[in-house]
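J.: Provided below for reference: sequence and predicted model.
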Amino acid sequence: MSGYLLQQLVNGLTLGSLYALVAIGFSLIYGVVRLVNFAHGDLMMIGAFSTLGLVAVGEVAWAFVPLLVMAGGFAAGGVIERLAFRSLRGAPMITGFIVTLSASVAIQNLGLMILGAQPRNFGFPSVFRERLALGPVNIAVIDLAIPAATLLLAGAVVLFVQRTRLGIAMRAVSENAVAARLMGISLNRAVLAAFGLGGALAAIAGLFWGGKFGQIDPLMGFVPGLKAFVATIIGGVGSVPGAVLGGYILGFAEVAFVGFMPSEYSGYRDAFVFALLILILLLRPQGLFGREEEERA
(Lines give C-alpha, C1' and ligand atoms only; values in the text may rest on other atoms or scores of the structure.)
Protein backbone atom coordinates (compact mmCIF):
# COMPACT_ATOMS: atom_id res chain seq x y z
CA MET A 1 0.00 0.00 0.00
CA SER A 2 2.85 2.41 0.77
CA GLY A 3 4.27 1.80 -2.71
CA TYR A 4 0.90 2.49 -4.30
CA LEU A 5 0.49 5.70 -2.28
CA LEU A 6 3.96 6.90 -3.28
CA GLN A 7 3.20 6.20 -6.93
CA GLN A 8 -0.01 8.23 -6.73
CA LEU A 9 1.89 11.10 -5.11
CA VAL A 10 4.36 11.08 -7.99
CA ASN A 11 1.49 11.01 -10.50
CA GLY A 12 -0.14 13.95 -8.75
CA LEU A 13 3.13 15.88 -8.72
CA THR A 14 3.62 15.33 -12.45
CA LEU A 15 0.05 16.17 -13.44
CA GLY A 16 -0.01 19.18 -11.15
CA SER A 17 3.22 20.46 -12.72
CA LEU A 18 1.63 20.37 -16.18
CA TYR A 19 -1.42 22.25 -14.95
CA ALA A 20 0.82 24.75 -13.17
CA LEU A 21 2.76 25.61 -16.33
CA VAL A 22 -0.43 26.52 -18.17
CA ALA A 23 -1.98 28.21 -15.13
CA ILE A 24 0.96 30.63 -14.84
CA GLY A 25 0.10 31.93 -18.30
CA PHE A 26 -3.53 32.45 -17.34
CA SER A 27 -2.43 34.45 -14.29
CA LEU A 28 0.05 36.59 -16.21
CA ILE A 29 -2.45 37.47 -18.92
CA TYR A 30 -5.33 38.18 -16.58
CA GLY A 31 -3.12 40.22 -14.29
CA VAL A 32 -2.19 42.57 -17.13
CA VAL A 33 -5.35 42.83 -19.28
CA ARG A 34 -8.07 41.60 -16.89
CA LEU A 35 -9.37 39.14 -19.49
CA VAL A 36 -9.32 35.34 -19.48
CA ASN A 37 -7.73 33.87 -22.60
CA PHE A 38 -9.63 30.65 -23.24
CA ALA A 39 -7.48 30.02 -26.32
CA HIS A 40 -4.46 29.71 -24.02
CA GLY A 41 -4.77 25.94 -23.55
CA ASP A 42 -4.65 25.39 -27.32
CA LEU A 43 -1.07 26.62 -27.30
CA MET A 44 -0.26 23.27 -25.70
CA MET A 45 -1.26 21.67 -29.00
CA ILE A 46 0.92 24.11 -30.93
CA GLY A 47 3.87 23.28 -28.69
CA ALA A 48 3.34 19.53 -28.99
CA PHE A 49 3.07 19.56 -32.79
CA SER A 50 5.97 21.99 -33.08
CA THR A 51 8.05 19.42 -31.20
CA LEU A 52 6.85 16.68 -33.54
CA GLY A 53 7.83 18.79 -36.56
CA LEU A 54 11.26 19.65 -35.20
CA VAL A 55 11.98 16.00 -34.44
CA ALA A 56 10.75 14.95 -37.90
CA VAL A 57 13.22 17.34 -39.53
CA GLY A 58 15.97 15.36 -37.83
CA GLU A 59 18.54 18.16 -37.87
CA VAL A 60 17.73 19.71 -34.50
CA ALA A 61 19.39 18.30 -31.40
CA TRP A 62 16.97 17.46 -28.60
CA ALA A 63 18.83 19.81 -26.29
CA PHE A 64 17.62 22.77 -28.39
CA VAL A 65 14.06 21.53 -29.03
CA PRO A 66 12.55 22.91 -25.77
CA LEU A 67 14.07 26.35 -26.43
CA LEU A 68 12.70 26.43 -29.98
CA VAL A 69 9.30 25.22 -28.81
CA MET A 70 9.13 27.95 -26.19
CA ALA A 71 10.16 30.54 -28.79
CA GLY A 72 7.36 29.29 -31.06
CA GLY A 73 4.90 29.46 -28.16
CA PHE A 74 6.01 33.01 -27.41
CA ALA A 75 5.39 33.98 -31.03
CA ALA A 76 1.99 32.22 -31.11
CA GLY A 77 0.93 33.99 -27.93
CA GLY A 78 1.95 37.30 -29.45
CA VAL A 79 -0.04 36.62 -32.61
CA ILE A 80 -3.16 35.80 -30.57
CA GLU A 81 -2.74 39.03 -28.60
CA ARG A 82 -2.31 41.11 -31.74
CA LEU A 83 -5.18 39.59 -33.71
CA ALA A 84 -7.77 38.84 -31.02
CA PHE A 85 -7.04 40.90 -27.91
CA ARG A 86 -5.55 44.25 -28.80
CA SER A 87 -8.83 45.60 -30.13
CA LEU A 88 -10.68 44.38 -26.99
CA ARG A 89 -8.97 46.61 -24.45
CA GLY A 90 -11.60 48.39 -22.45
CA ALA A 91 -14.36 46.14 -23.77
CA PRO A 92 -16.77 44.40 -21.36
CA MET A 93 -15.51 41.08 -19.99
CA ILE A 94 -18.29 39.14 -21.73
CA THR A 95 -16.96 40.40 -25.09
CA GLY A 96 -13.51 39.05 -24.31
CA PHE A 97 -15.03 35.78 -23.14
CA ILE A 98 -16.84 35.30 -26.46
CA VAL A 99 -13.87 36.32 -28.60
CA THR A 100 -11.40 34.05 -26.80
CA LEU A 101 -13.74 31.07 -27.03
CA SER A 102 -14.09 31.81 -30.74
CA ALA A 103 -10.30 31.98 -31.09
CA SER A 104 -10.00 28.64 -29.31
CA VAL A 105 -12.50 26.98 -31.65
CA ALA A 106 -10.74 28.53 -34.65
CA ILE A 107 -7.33 27.20 -33.57
CA GLN A 108 -8.73 23.73 -32.94
CA ASN A 109 -10.47 23.54 -36.31
CA LEU A 110 -7.44 24.94 -38.11
CA GLY A 111 -5.42 22.20 -36.45
CA LEU A 112 -7.93 19.58 -37.58
CA MET A 113 -7.84 20.89 -41.16
CA ILE A 114 -4.04 20.95 -41.37
CA LEU A 115 -3.06 18.01 -39.15
CA GLY A 116 -6.11 15.73 -39.30
CA ALA A 117 -8.06 14.28 -36.41
CA GLN A 118 -5.98 11.13 -36.05
CA PRO A 119 -3.86 11.08 -32.86
CA ARG A 120 -0.11 10.98 -33.46
CA ASN A 121 2.42 8.97 -31.52
CA PHE A 122 4.83 11.27 -29.73
CA GLY A 123 8.44 10.14 -29.60
CA PHE A 124 10.59 11.25 -26.69
CA PRO A 125 14.26 10.52 -25.90
CA SER A 126 14.55 7.05 -24.44
CA VAL A 127 16.44 8.33 -21.41
CA PHE A 128 13.20 9.86 -20.12
CA ARG A 129 11.52 6.45 -20.31
CA GLU A 130 14.07 4.85 -18.02
CA ARG A 131 12.86 4.05 -14.54
CA LEU A 132 14.61 4.75 -11.27
CA ALA A 133 14.10 2.71 -8.13
CA LEU A 134 12.97 5.00 -5.31
CA GLY A 135 12.05 2.93 -2.31
CA PRO A 136 9.21 0.54 -3.13
CA VAL A 137 8.40 2.05 -6.56
CA ASN A 138 10.07 2.55 -9.93
CA ILE A 139 9.62 6.09 -11.21
CA ALA A 140 10.14 7.17 -14.83
CA VAL A 141 12.74 9.90 -15.34
CA ILE A 142 10.16 12.09 -17.07
CA ASP A 143 8.04 12.08 -13.89
CA LEU A 144 10.95 13.75 -12.13
CA ALA A 145 11.98 15.99 -15.04
CA ILE A 146 8.54 17.62 -15.42
CA PRO A 147 8.27 18.93 -11.80
CA ALA A 148 11.91 20.04 -11.87
CA ALA A 149 11.39 21.99 -15.11
CA THR A 150 8.12 23.47 -13.84
CA LEU A 151 9.64 24.79 -10.61
CA LEU A 152 12.66 26.14 -12.50
CA LEU A 153 10.49 27.97 -15.05
CA ALA A 154 8.11 29.27 -12.36
CA GLY A 155 11.06 30.66 -10.42
CA ALA A 156 12.42 32.28 -13.58
CA VAL A 157 9.05 33.93 -14.26
CA VAL A 158 8.85 35.29 -10.70
CA LEU A 159 12.37 36.72 -10.98
CA PHE A 160 11.54 38.21 -14.38
CA VAL A 161 8.39 39.90 -13.10
CA GLN A 162 10.05 41.22 -9.94
CA ARG A 163 13.56 42.16 -11.10
CA THR A 164 13.50 43.20 -14.77
CA ARG A 165 12.32 46.52 -16.22
CA LEU A 166 9.79 44.81 -18.47
CA GLY A 167 8.50 42.73 -15.57
CA ILE A 168 8.11 45.83 -13.41
CA ALA A 169 6.27 47.47 -16.32
CA MET A 170 3.90 44.51 -16.45
CA ARG A 171 3.22 44.87 -12.73
CA ALA A 172 2.60 48.58 -13.14
CA VAL A 173 0.12 47.98 -15.95
CA SER A 174 -1.56 45.35 -13.78
CA GLU A 175 -2.00 47.85 -10.94
CA ASN A 176 -3.17 50.80 -13.01
CA ALA A 177 -2.89 50.85 -16.79
CA VAL A 178 -3.76 54.55 -17.12
CA ALA A 179 -1.16 55.66 -14.58
CA ALA A 180 1.43 53.34 -16.13
CA ARG A 181 0.84 54.88 -19.56
CA LEU A 182 1.18 58.39 -18.10
CA MET A 183 4.54 57.31 -16.65
CA GLY A 184 5.74 56.43 -20.14
CA ILE A 185 5.26 52.66 -19.99
CA SER A 186 4.34 51.02 -23.27
CA LEU A 187 1.06 49.22 -22.71
CA ASN A 188 1.41 47.23 -25.92
CA ARG A 189 4.84 45.96 -24.93
CA ALA A 190 3.73 44.87 -21.44
CA VAL A 191 0.67 43.06 -22.75
CA LEU A 192 2.66 41.38 -25.52
CA ALA A 193 5.20 40.17 -22.95
CA ALA A 194 2.44 38.63 -20.81
CA PHE A 195 0.92 36.79 -23.76
CA GLY A 196 4.32 35.71 -25.04
CA LEU A 197 5.53 34.36 -21.70
CA GLY A 198 2.23 32.55 -21.14
CA GLY A 199 2.41 31.08 -24.65
CA ALA A 200 5.97 29.87 -24.10
CA LEU A 201 4.99 28.07 -20.89
CA ALA A 202 1.89 26.53 -22.48
CA ALA A 203 3.96 25.33 -25.43
CA ILE A 204 6.55 23.61 -23.22
CA ALA A 205 3.66 22.09 -21.25
CA GLY A 206 2.45 20.60 -24.55
CA LEU A 207 5.89 19.10 -25.13
CA PHE A 208 5.88 17.53 -21.67
CA TRP A 209 2.26 16.37 -22.04
CA GLY A 210 3.15 14.48 -25.21
CA GLY A 211 6.25 13.05 -23.58
CA LYS A 212 4.25 11.88 -20.56
CA PHE A 213 1.22 10.37 -22.30
CA GLY A 214 2.74 9.38 -25.66
CA GLN A 215 0.02 10.73 -27.98
CA ILE A 216 -1.07 14.15 -29.22
CA ASP A 217 -3.96 15.45 -31.31
CA PRO A 218 -5.29 18.87 -32.42
CA LEU A 219 -7.87 18.96 -29.61
CA MET A 220 -5.47 17.95 -26.84
CA GLY A 221 -5.15 21.39 -25.23
CA PHE A 222 -8.77 22.34 -24.60
CA VAL A 223 -9.62 20.24 -21.53
CA PRO A 224 -6.19 20.60 -19.85
CA GLY A 225 -6.50 24.33 -20.51
CA LEU A 226 -9.85 24.48 -18.74
CA LYS A 227 -8.43 22.52 -15.82
CA ALA A 228 -5.45 24.87 -15.66
CA PHE A 229 -7.93 27.73 -15.47
CA VAL A 230 -9.53 25.97 -12.51
CA ALA A 231 -6.07 25.75 -10.94
CA THR A 232 -5.64 29.47 -11.53
CA ILE A 233 -8.88 30.22 -9.68
CA ILE A 234 -7.89 27.93 -6.82
CA GLY A 235 -4.58 29.74 -6.35
CA GLY A 236 -5.91 33.22 -7.06
CA VAL A 237 -6.13 34.79 -10.50
CA GLY A 238 -3.17 37.09 -11.12
CA SER A 239 -0.80 35.37 -8.68
CA VAL A 240 2.05 33.30 -10.15
CA PRO A 241 2.79 31.44 -6.87
CA GLY A 242 -0.96 30.91 -6.50
CA ALA A 243 -1.14 29.44 -10.01
CA VAL A 244 1.64 26.98 -9.19
CA LEU A 245 0.06 25.97 -5.89
CA GLY A 246 -3.36 25.69 -7.53
CA GLY A 247 -1.92 23.43 -10.21
CA TYR A 248 -0.47 21.08 -7.63
CA ILE A 249 -3.64 21.07 -5.51
CA LEU A 250 -5.70 20.20 -8.58
CA GLY A 251 -3.22 17.58 -9.78
CA PHE A 252 -3.11 15.79 -6.43
CA ALA A 253 -6.88 16.03 -6.00
CA GLU A 254 -7.57 14.60 -9.46
CA VAL A 255 -5.11 11.73 -9.03
CA ALA A 256 -6.50 10.97 -5.56
CA PHE A 257 -10.03 10.86 -6.97
CA VAL A 258 -9.02 8.35 -9.64
CA GLY A 259 -6.58 6.37 -7.52
CA PHE A 260 -8.57 5.94 -4.35
CA MET A 261 -12.19 6.00 -5.44
CA PRO A 262 -13.86 2.81 -6.76
CA SER A 263 -12.99 2.21 -10.42
CA GLU A 264 -16.56 2.78 -11.62
CA TYR A 265 -16.23 6.45 -10.60
CA SER A 266 -12.95 7.14 -12.40
CA GLY A 267 -14.78 8.33 -15.51
CA TYR A 268 -16.16 11.26 -13.52
CA ARG A 269 -12.78 12.88 -12.90
CA ASP A 270 -13.63 15.94 -15.01
CA ALA A 271 -16.92 16.39 -13.16
CA PHE A 272 -14.94 16.25 -9.90
CA VAL A 273 -12.58 18.98 -11.12
CA PHE A 274 -15.37 21.39 -11.99
CA ALA A 275 -17.26 20.56 -8.81
CA LEU A 276 -14.09 21.61 -6.99
CA LEU A 277 -14.18 24.87 -8.97
CA ILE A 278 -17.75 25.55 -7.81
CA LEU A 279 -16.77 24.82 -4.22
CA ILE A 280 -13.82 27.24 -4.37
CA LEU A 281 -15.98 29.97 -5.89
CA LEU A 282 -18.53 29.53 -3.13
CA LEU A 283 -16.06 29.47 -0.24
CA ARG A 284 -13.28 31.79 -1.41
CA PRO A 285 -13.99 33.44 -4.78
CA GLN A 286 -10.65 35.28 -4.83
CA GLY A 287 -8.65 32.05 -4.42
CA LEU A 288 -5.92 31.21 -1.94
CA PHE A 289 -3.53 34.02 -2.91
CA GLY A 290 -5.97 36.33 -4.65
CA ARG A 291 -7.26 39.59 -3.32
CA GLU A 292 -10.70 41.09 -3.49
CA GLU A 293 -11.04 44.02 -5.85
CA GLU A 294 -13.72 45.86 -7.69
CA GLU A 295 -14.26 44.82 -11.28
CA ARG A 296 -12.84 47.36 -13.69
CA ALA A 297 -15.07 48.83 -16.37
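T.: Cool, the structure landed. For clarity, every value in this text was computed on a predicted model and none was experimentally measured.
J.: which stretches of the chain have low pLDDT?
T.: Scanning the chain for pLDDT under 70 picks out the ranges 1, 290-297.
J.: How many residues are close by residue 86?
T.: 15 (other CB atoms under 10 Å). In short, each C-beta sits where N, CA and C put it, glycine included.
J.: One more: residue 22?
T.: Burial of residue 22 is recorded as 31 neighbouring residues (other CB under 10 Å).
J.: next one: residue 2
T.: Neighbour count of residue 2, defined by other CB under 10 Å: 9.
J.: try residue 95
T.: Neighbours around residue 95, by other CB under 10 Å: 13.
J.: and it, which of the three is it?
T.: helix (DSSP: H, G, I helix; E, B strand; the rest coil).
J.: Go ahead and confirm it touches residue 88.
T.: Yes - the pair residue 95 and residue 88 qualifies as a contact (CB atoms under 8 Å) at a distance of 6.2 Å.
J.: mind checking how far the closest residue in space to residue 241 that isn't next to it in sequence is from residue 235?
T.: Residue nearest to residue 241 in three dimensions, not counting chain neighbours: residue 289, with 6.1 Å by CB to CB, 6 or more residues apart in numbering. Distance from residue 289 to residue 235, counting by CB to CB, to the nearest Å: 6 Å.
J.: try residue 179
T.: Where residue 235 is concerned, residue 179 sits at a distance of 27 Å (CB to CB).
J.: Neighbour count for these two, which is higher?
T.: Between residue 179 and residue 235, counting by other CB under 10 Å, residue 235 is the more crowded of the two (30 against 11).
J.: Next, the contact list for that one, please.
T.: Neighbouring residues of residue 235 by CB atoms under 8 Å, 6 or more residues apart in numbering: 23, 27, 241-247, 249, 287-290.
J.: Go through this protein and flag its longest helix.
T.: The longest helix of the chain (DSSP state H) is helix 2-33.
J.: Could I get the buried residue list for it?
T.: Judged by neighbour count using 16 or more other CB atoms under 10 Å, the buried positions of helix 2-33 are 7-8, 10-33.
J.: Just read off the phi/psi values of residue 214.
T.: The phi and psi values for residue 214, taken as degrees, to the nearest 10, are phi 80, psi -10.
J.: and the gap between it and residue 107?
T.: Residue 214 sits at a distance of 23 Å from residue 107 (criterion: CB to CB).
J.: now residue 171
T.: Residue 171 is 29 Å from residue 107, by CB to CB.
J.: Check residue 256 too.
T.: 32 Å.
J.: neighbour count winner among these two?
T.: Taking neighbours as other CB under 10 Å, residue 256 and residue 107 compare with residue 107 leading, 21 against 16.
J.: residue contacts, the more buried one?
T.: 39, 42, 45-46.
J.: So residue 127 sits against residue 141, correct?
T.: Yes - counting by CB under 8 Å, residue 127 touches residue 141, with 6.3 Å between them.
J.: Settle it for me: which of the two has more neighbours?
T.: Taking neighbours as other CB under 10 Å, residue 127 and residue 141 compare with residue 141 leading, 15 against 10.
J.: Against residue 207, how distant is that one?
T.: Note on residue 141: its distance to residue 207, by CB to CB, is 15 Å.
J.: try residue 168
T.: 30 Å.
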